[in-house]
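**Q** below are the sequence and a predicted model; questions follow.
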Amino acid sequence: MPEPWMTEALINKAKKYNSLTREDLAEVLGVTEYKIRELRREIDKQYEWSHIDDPFLCVWDLETTGLRGDFARLLCGSVLSYPAGTIKTFRTDEICKSINQDGPLALAIRDEVERHWISSGYFSKGFDSSMLSTRLVIYGERKLASTLHIDPCWFYRGWRGLSMRSSSMKVVAKVLGLEEHKMEVDDSVWQSAHDEVFGSPAHKEAMDIIVERCESDCRVTLNIIKHCLSNRLMKSIQSYP
């Protein structure tokens, strides 16, 4: 929060012009030049806070029952908004009537992703985008709209960027020394999400673990994207799909 001595008039002027002269500061606050830098830092923070909820970029991820969109079903989808840092997760046991009726889940994920100016996901060009669009089309809905998109997976393949033994999220996160790594989920959890009675305590417990993994993948992907940008691995950004 801004300091008490930051008047509303000053804050509004900073938001409007994104700059203040030394004369402005002296007139409104009666401070010396010694404190001008400190004051302007506080004003800049206040200006940035007004944009914290802008739908600038999202990192999204799916968890599914399989790899083929015409046969597999969606279990959940997480969408992390940046710079707000919030995550919205949509899950089949909260939105759908059964695991085989994932249409409402697909719609909810699509609409949240499209709310952002830029979308991103790890190997999303190879899996998530086509999976979601296939599920949508099967239900007679519009596929995922084209938008500016970042898929950092490709910058860790030797012919596109860095040469690692694998461009999988698990390997990349480990090599980069990220604090959070790819979360492993036991086969029995996936099986429970498939076979347990939909909405039962055992099914919910399995879904909770899968959701945790989905949200973790979003956080890991965001940190990998930051690594790509800080090391100038990304040369351009294009629309996809």
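**A** Perfect, I can see it now. Numbers count the residues shown, from 1 in each chain.
**Q** quick check on residue 151: phi, psi?
**A** Backbone geometry at residue 151, expressed as degrees, to the nearest 10, gives phi -120, psi 100.
**Q** give me every residue that touches it.
**A** For residue 151, the residues meeting the contact criterion (C-beta atoms under 8 Å, 6 or more residues apart in numbering) are 120, 121, 122, 123, 124, 125, 126, 240. Every C-beta, even on glycine, is put in place using the N, C-alpha and C of the backbone.
**Q** from residue 69, how far out is residue 144?
**A** Per C-beta to C-beta, to the nearest Å, residue 144 is found 12 Å from residue 69.
**Q** now do the shared contacts for the two.
**A** Shared contacts of residue 144 and residue 69, defined by C-beta under 8 Å, 6+ apart, comprise residue 133.
**Q** between the two, which has more neighbouring residues?
**A** The neighbour count for residue 144 versus residue 69, taken as other C-beta atoms under 10 Å, is higher for residue 144 (25 against 19).
**Q** and for stretch 181-195, what's in contact with it?
**A** Applying C-beta under 8 Å, 6+ apart, the contact partners of stretch 181-195 are 65, 75, 99, 168-170, 173-174, 202-203, 205-207, 209-210, 212-213, 216-217, 220.
**Q** in the protein, where is pLDDT below threshold?
**A** Residues of the chain meeting the criterion pLDDT under 70: 1-53, 160.
**Q** mind listing what's buried in stretch 199-216?
**A** 203, 204, 206, 207, 209, 210, 211, 213, 214, 215, 216 (16 or more other C-beta atoms under 10 Å).
**Q** who are the neighbours in contact with the fifth one?
**A** The one in question is residue 209. Contacts here follow C-beta under 8 Å, 6+ apart; on that basis residue 209 touches 185, 189.
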